[in-house]
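1. below: sequence and its predicted model.
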Amino acid sequence: MPRRTNFPGGIKGPLTYSGSATATAGAATLNAVSGKVTSEAVTTAQNAIYTLTLTNSKIAADSIVLASVGNGTNTQGTPTITRITPAAGSVVILVSNLHASAQALNGTIVVSFLVIAAE
């Protein structure tokens, strides 16, 4: 049974996985309060940035958006979320490759997110 959780902004209920999408050219659409976005195959170099723009009707400019990143098919580099910028109907998530040597990303990454309405 999902754990019941109370969030700011009056969201109450079980915290469950809401959906998934696949990005094309750094853009995806998923109208859900939580989910996972799989990137296209990326080759982001060391200290470079991959920009993911997620269109999502659940996001307001004052929303709190939490995100994490993991490997899909990627086996190199160190993908790290470095900035999350919500706007009305979208969020821009920057993923930097912070690997210590010149190792580029070499496949897909998966960005998971949760939208919390601001009070």
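-> Received, thanks. None of these values were measured; they are calculated from a predicted model.

2. where do the strands of the protein begin and end?
-> Counting by DSSP state E, the chain forms strands over residues 4-6, 12-14, 20-22, 27-29, 34-38, 49-55, 64-71, 79-87, 90-97, 109-116, given from the N-terminal end onward.

3. of all those strands, which one is nearest Gln103?
-> strand 90-97 (7.9 Å; C-beta to C-beta). Just so you know, the C-beta spots here come from the backbone N, C-alpha and C atoms, and that holds for glycine as well.

4. contacts only, for Val33.
-> 11, 18, 58, 114-115 (C-beta atoms under 8 Å, 6 or more residues apart in numbering).

5. quick check: Ser18 vs Thr75, distance?
-> Noted for Ser18: a distance of 28 Å to Thr75, by C-beta to C-beta, to the nearest Å.

6. neighbour count for the two, which is higher?
-> The residue with more neighbours, out of Ser18 and Thr75, is Ser18; 16 against 9, by other C-beta atoms under 10 Å.

7. how many neighbours does Gly89 have?
-> Gly89 sits with 14 neighbouring residues when counted by other C-beta under 10 Å.

8. for it, give me the pLDDT.
-> Model confidence at Gly89, given as pLDDT, is 97.

9. I'd say it and Ser63 touch.
-> No. With contact defined as C-beta atoms under 8 Å, Gly89 does not reach Ser63; the gap is 10.2 Å.
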